[in-house]
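Visitor: quick one, what's the 3D model for this:
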Amino acid sequence: MKLSLYYKLLIFHVVLAIGVYLFRPLALAYFLLITVFFSYKILMASKAYKSFYVLIACAYIVGSEVFLRMNGGTFFYEASKYLVIVFVLIGLFSNSFSNKSLIYLVYILLLIPGIFVAVSDMGFETNIRKAIAFNLSGPICLGITAVFCYKRSISFNQIKIILLALLLPLISMTVYLFLYTPNLQEVITGTESNFTTSGGFGPNQVATVLGIGIFVLATRFFISKEVFIHRLFDLALLGFLSFRALITFSRGGVLTAIIMILMFLGLYYLKVNLKTKLRIKLSLLVFLIMIFFTLLYSSIKTNGFIEKRYANQDAAGRVKEDVTTGRTDLVAFEFNEFIDNPFLGIGVGKAKEVRLNETGVEAASHNEMSRIIAEHGLLGVFAFLILLITPLIFRLKNKTNLFFYSFYIFWLLTINHSAMRIAAPAFIYGLCLLNITYETRNKKLETRN
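Guide: As a prediction, this is how the structure comes out:
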């Protein structure tokens, strides 16, 4: 992608954020526009490029999902997940797919009995349609995306464009967040997750997607061969996203982004020549300087509360007993439900209801692993093992994906602190199953372990 187009796209997304902030219904018009635009691009694309356009469209939808949700920009809450599913299905019907990817259809089938268990419970008070849509839309999105991506070949330049498509809506969201809370001192009064600094929306979801943006910008900074001033621009954007992610006071997305960057840098460093290794070391020094000043600025703007948050302290500086903010008890409850109902589980969407009935606590664990086991029993265990092991087996035979470990760890960590409430872990899990090809001059990246 030409730099001029890159900067034009950035300007458009900045203007979009301002427009949505001033006139909130514009978010719905934006959703309709991108739905029509990407549907047209996918349907009109030649067979050779259809898969590429499907992945670009899905990446952009995933990047825009939280921004749209916080502004009421979709007709219903799970619309972005369904749109990703529709785009991927178009791609599957248009292009062939690997027979080995059908293991993910087995994964989807293993989740179906949990629906019947929930429906057969006459005491089930929750709206069954909403419960299934909320709890299974993410897993089904993951399964279908995995079938599409498994062993599908794209070029290294194409994966960079796909990641850029994921980043662009996050720029809009970041600008919107700055407009939403211009005076941070008035709204940051403690160390709890802050909805106001998160655009009035869930801090966990906001921090999670901003973490993806941080990762994308970091990889652009380290692998880009553009002149240094352009790389510094990406680094400045990274600083803005990092600052907004930090002041959500939701740690999961930030810590996940850090681990993703470290895994990418470790793999990238091992695969390049000595000249590139030296460039990485110099870039890392500049990168760390930027991170230091971002942390310093965050500390100043939050009156030191951000350090206390990451030190697991309350506003008074007292260390909290539970670093998981109560989630350990919620996860333990779901494991106990699995022990009591080991074969078919308690049924889709019932974990939250059963917890409320038995303990009087209405809360979600935000842990997909414990949820799938509690609600689907042993079938859920087998389903999760498919997700956990299949990419690792794939990696043993195909080591072309430079982003594999970063994508895989994002999925694994995110489903353990944010479940699958957004489409990001489902889509990014699929990306780790891609076969990435490189130009001849970069062939060593494809062939070396």
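Visitor: shouldn't residue 331 be in contact with residue 367?
Guide: Yes - when contacts are counted by C-beta atoms under 8 Å, residue 331 is listed as touching residue 367 (5.1 Å). Glycine gets a C-beta too; all of them are placed from N, C-alpha and C.
Visitor: pick out whichever of those two has more residues nearby.
Guide: Between residue 331 and residue 367, counted using other C-beta atoms under 10 Å, residue 367 has the larger neighbour count: 23 against 20.
Visitor: so who does that one touch?
Guide: Contact partners of residue 367, counting by C-beta atoms under 8 Å, 6 or more residues apart in numbering, are 327, 330-331, 334, 415-417, 419.
Visitor: ok, now with 10 Å
Guide: 324, 327-328, 330-331, 334-335, 351, 373-374, 415-419 (C-beta atoms under 10 Å, 6 or more residues apart in numbering).
Visitor: which two of those residues have the greatest separation?
Guide: 335 and 418 (18.8 Å; C-beta to C-beta).
Visitor: so which of the contacts of residue 367 are in helices?
Guide: Applying DSSP state H to these, the entries found in helices are 327-328, 330-331, 334-335, 351, 373-374.
Visitor: closest to residue 229 out of those?
Guide: Proximity of the ones in helices among the contacts of residue 367 to residue 229 (C-beta to C-beta) peaks at residue 327, which lies at 43.7 Å.
Visitor: correct me, but the closest one touches residue 369?
Guide: No - Residue 327 lies out of contact with residue 369 (C-beta atoms under 10 Å); the separation is 11.9 Å.
Visitor: please enumerate the shared neighbours of those two.
Guide: The contact sets of residue 327 and residue 369 overlap at residue 416 (C-beta under 10 Å, 6+ apart).
Visitor: quickly find the element holding residue 235.
Guide: Per DSSP states H and E: residue 235 is located in helix 228-246.
Visitor: next, the buried residues of that helix.
Guide: Neighbour counts over helix 228-246 (16 or more other C-beta atoms under 10 Å) mark 230-231, 233-235, 237-246 as buried.
Visitor: which neighbouring elements make contact with it?
Guide: Under the contact criterion of 3 or more C-beta pairs under 10 Å, 6 or more residues apart in numbering; DSSP states H and E, helix 228-246 touches helix 3-22, helix 156-180, helix 203-223, helix 251-271, helix 274-301, helix 305-310.
Visitor: now do the fourth one against helix 274-301, angle only.
Guide: Using axes from the mean of the first three to the mean of the last three C-alpha atoms, to 10 degrees, one finds that helix 251-271 and helix 274-301 are set 160 degrees apart in direction.
Visitor: what pLDDT, on average, does helix 251-271 get?
Guide: Helix 251-271 shows a mean pLDDT of 95.
Visitor: re the thing from before, which one in the contacts of residue 367 is the model shakiest on?
Guide: residue 324 (55).
Visitor: now stretch 331-341: buried residues?
Guide: 331, 333-334, 337-338, 341.
Visitor: with distance to residue 32 added, can I get those residues in JSON lines?
Guide: Listed next are the buried residues of stretch 331-341 as JSON lines, based on distance: C-beta to C-beta, whole Å:
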{"residue": "331", "distance to residue 32": "39"}
{"residue": "333", "distance to residue 32": "41"}
{"residue": "334", "distance to residue 32": "38"}
{"residue": "337", "distance to residue 32": "41"}
{"residue": "338", "distance to residue 32": "42"}
{"residue": "341", "distance to residue 32": "43"}
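Visitor: which of those sits closest to residue 428?
Guide: Distance to residue 428 across the buried residues of stretch 331-341 (C-beta to C-beta) is lowest for residue 331, with 22.7 Å.
Visitor: my read: that closest one touches residue 419, true?
Guide: No - counting by C-beta under 10 Å, residue 331 stays clear of residue 419, with 11.1 Å between them.
Visitor: any residues in contact with both of the two?
Guide: With C-beta under 10 Å, 6+ apart as the test, residue 331 and residue 419 both reach 365-367, 369-371.
Visitor: now for the residues you listed: which two are most distant?
Guide: 366 and 369 (10.7 Å).
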